[in-house]
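**Q** Okay, sequence plus prediction incoming.
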Amino acid sequence: MVTFQTRTEPADPLTDEDGDWDNAFADEPTSYVEVHPMRGEELYQSQTTFGNATHKVTMDYRDDVTSRMRILWGSRILQIVGIINPREGNRSLELMCREMV
């Protein structure tokens, strides 16, 4: 099970001494997913399309998942860089993600 988070913008971004609000995220509903680190040819192909994707997350379809979200997977953070709705069937989603370090 993972937790999705959505980036939030503070009402007054000037309250942050650095003017940085990148770490402001609100929790969204949790979901059961499968997380697969990409390797070899799959990694190479995904990086030509989605930049620096490192993981593929497979899950049941949800219409509220966007690329402005990230995923908390245990103590790890995966930033969503691409969303695929296979065959546009609204049955499942494949999320191309980049692990944040």
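**A** Structure's in. What do you need?

**Q** for the chain, what helix or strand is lowest in average pLDDT?
**A** Within the chain, no helix or strand scores below helix 40-50, which has a mean of 69 by mean pLDDT, DSSP states H and E.

**Q** what's the average pLDDT for the next helix or strand after it?
**A** Next along the chain after helix 40-50, taking DSSP states H and E as the criterion, comes strand 55-60. Rounded to a whole number, the mean pLDDT of strand 55-60 is 96.

**Q** now strand 55-60: how far from the chain's centre is it?
**A** Put simply, strand 55-60 sits 9 Å off its chain's centre (CA atoms, centre = their mean, to the nearest Å).

**Q** Now do the very next helix or strand once past it: everything it contacts.
**A** Next helix or strand after strand 55-60 toward the C-terminus (DSSP H and E): strand 69-73. Applying CB atoms under 8 Å, 6 or more residues apart in numbering, the external contacts of strand 69-73 come out as 2-7, 25, 28, 33, 35, 57, 77-80, 95, 97, 100. Every residue, glycine included, has its C-beta placed from N, CA and C.

**Q** Which ones among those residues map onto strands?
**A** 2-7, 25, 28, 33, 35, 57, 77-80, 95, 97, 100 (DSSP state E).

**Q** Where does pLDDT dip in this protein?
**A** 10-23, 42-44, 46-48 (pLDDT under 70).

**Q** From the centroid of it, which residue is nearest?
**A** Ile80 (2.6 Å; CA atoms, centre = their mean).

**Q** correct me, but it touches Val65?
**A** Yes. Using CB atoms under 8 Å, Ile80 is in contact with Val65, at 7.3 Å.
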